[in-house]
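Asks: Provided below for reference: sequence and predicted model.
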Amino acid sequence: MTTTLDKYGRILIPKRMRELLGITPQTQLVITEEGNKLIIEPVPEENPYEEKDNMLVFVGELESAYERLIEQDREERDNKILGL
């Protein structure tokens, strides 16, 4: 398949290839060179979960203020237990 570099140095990855590889606008790509070839590969996403003692445990990083999220979750559980 052939594509063209535009005047800003961008290339278009054909839709069929993007879909096949699961590449979305947010997908990070690694570009390497081998001789006179460019190799473009999606960065594999890390699984933020691990199985520990037969339980699925989140081991990734939260992107927002996790202390507030934890407090909010605790309040919701307390309200549910208290019937509020």
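Replies: Sure, I can see it.
Asks: contacts, neighbours, all on C-alpha from now
Replies: Noted.
Asks: so where is this structure shaky, pLDDT-wise?
Replies: Where the chain drops to pLDDT under 70, the residues are 62-64.
Asks: which parts of it are strands?
Replies: Ranges of strands in the chain, per DSSP state E, are 29-34, 37-42, 49-52, 55-58.
Asks: ok, which of those comes nearest R18?
Replies: strand 37-42 (10.0 Å; C-alpha to C-alpha).
Asks: helices or strands up against the closest one?
Replies: Under the contact criterion of 3 or more C-alpha pairs under 8 Å, 6 or more residues apart in numbering; DSSP states H and E, strand 37-42 touches strand 29-34.
Asks: just the helices in this structure please.
Replies: 15-21, 66-82 (DSSP state H).
Asks: closest one to D53 among those?
Replies: helix 66-82 (22.5 Å).
Asks: and the closest one, how far out from the chain middle?
Replies: 27 Å (C-alpha atoms, centre = their mean, to the nearest Å).
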